[in-house]
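Q: any chance you can model this:
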Amino acid sequence: MIDNAYYYDIETKSPVRINADKASEQYSRGISSKPERNDDNRPSPYICEFCGEYLTLTKKVKKQRPHFNHYTEKDCEGKALQNNYNYKKNNPLGISLPLKIDITNNKISVSVGFRPLSNEQYDNAQKADLEVYIEEQKYNIANRISCDYTTYLPIGSNIREEYSIKFNDENCIPKEIWGRTVLGIKPSGTLFTYKNDGCEEKRLNRNATVYLNTEYLLLTKKFPTSNLIIQRKPSINDWNIYVVSAKSFTEETWLFFLSYGVNLTEKTAELIPIYPLSIRSASFVTHFSEKIWLYKTHGECEIYPNKRNFSNESRFISIPKSNLHQIVSISQKSNHTNVLKYLYIQH
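A: Next up, the predicted model:
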């Protein structure tokens, strides 16, 4: 059962999130995603926020409240991820380590990024002579990791939907800093950044924001047909490679990107340092004061390891200095559900 869904508002030309109770006020008898099952032969307007497929709204029956569901037992990748106990256990903050690819000489090479550590965590890694195990291979990374930037470790050309990582000392680095499950590349399609300059391309996180007039790289084993495809590159080992971009925000362009787990939206989730002066690079902010203030555009905000929460209504966030890196995340809902954006704060 699914509690919330999207529908596309024609008047405002934007997606609207709605819960099943509210939807049932308009469709008290429910509505199917299959047009032929509805009196007016029109399909359900409700769309899965996880995979972009149309949903059936089931009416209230006895003790069962209204809810959305897929018409068939569809393998909804996004919902499965949110309900995946092992993923939550191995990635408590709902944030996967970053992944990037390099496409050269008719070969796709994959690298996993290990985020910077605090000085204390770095010292612990050195003492443990930290080793990581990925794809049944062992890598000594004690002398390769950094306190200032993400260190990418090449793991070969085996493409998987998910990569598991282990360490010789599992207690050395908390799972909140480096998860134990890395989201990979799905045959149904995964999006990456695209610069068209020969540089390595980074995987877009689920729920990432994508922008108009920006090109992205799509890897898939399927053959999508869309006006958003502006170039098809040579396939590699059954992987089809496309360059995609949206020129305008429409229901079609929004649904295309939503089907790959990302959001094309004019309302972006942002965490903006406002005081004092700080140094920002990608997902990292460095400051030199007793406290730093951030401005949040929208969403549920949570801070680790201080375990402080800020509701959707809270816009200004103050974070005292700490010897440890602090991770600030914005999610659609609380408990790190559908993480939209995150920042690493270091003092």
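Q: just how off-centre is the longest strand along the chain within its chain?
A: Using DSSP state E to define each element, the chain has its longest strand at strand 337-346. In terms of C-alpha atoms, centre = their mean, to the nearest Å, the centre of strand 337-346 is found 10 Å from the chain centre.
Q: which residues are contacting it?
A: 49, 82, 93-95, 115-116, 118, 147, 205-209, 263, 269-271, 283-287, 292, 294, 299, 319, 322, 325-332 (C-beta atoms under 8 Å, 6 or more residues apart in numbering). C-betas here are computed from N, CA, C, even on glycine.
Q: same deal with stretch 11-25?
A: Under C-beta under 8 Å, 6+ apart, the answer for stretch 11-25 is 2-9, 30, 46-47, 49, 57, 59-60, 65-68, 249-250, 254, 265-266.
Q: of those residues, grab the buried ones for PyMOL.
A: The following PyMOL line selects those of these that are buried, judged by 16 or more other C-beta atoms under 10 Å:
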select buried, resi 2+4+5+6+7+8+30+46+47+49+57+66+67+68+254+265
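Q: would you confirm that residue 293 contacts residue 328?
A: No: applying C-beta atoms under 8 Å as the test, residue 293 and residue 328 come out as separate, 11.8 Å apart.
Q: now residue 347. Nearest residue, chain neighbours left out?
A: residue 321 (4.2 Å; C-beta to C-beta, 6 or more residues apart in numbering).
Q: roughly how far apart are the one you found and residue 288?
A: 9 Å (C-beta to C-beta, to the nearest Å).
Q: just residue 160 next, same as before
A: Taken as C-beta to C-beta, the span from residue 160 to residue 288 is 41 Å.
Q: which one's more surrounded, those two?
A: Using other C-beta atoms under 10 Å as the criterion, residue 160 and residue 288 rank with residue 160 on top: 14 against 11.
Q: skipping adjacent residues, who's closest to that one in space?
A: residue 184 (4.6 Å).
Q: how many residues are close by that neighbour?
A: By other C-beta under 10 Å, 17 other residues sit near residue 184.
Q: quick check: phi and psi at it.
A: phi -100, psi -130 (degrees, to the nearest 10).
Q: now the most far-flung residue of the chain relative to its centre: which helix or strand?
A: Centroid-distance maximum for the chain: residue 39 at 37.9 Å, with C-alpha atoms, centre = their mean. Counting by DSSP states H and E, no helix or strand carries residue 39.
Q: what does the model give it for pLDDT?
A: Note for residue 39: predicted pLDDT of 75.
Q: my read: residue 153 touches residue 111, true?
A: Yes: between residue 153 and residue 111 there is a contact at 6.1 Å, judged by C-beta under 8 Å.
Q: which among the contacts of strand 337-346 count as buried?
A: Using 16+ other C-beta under 10 Å, the buried ones in those are 49, 82, 93-95, 115-116, 118, 205-209, 263, 269-271, 283-285, 287, 292, 294, 299, 319, 325-332.
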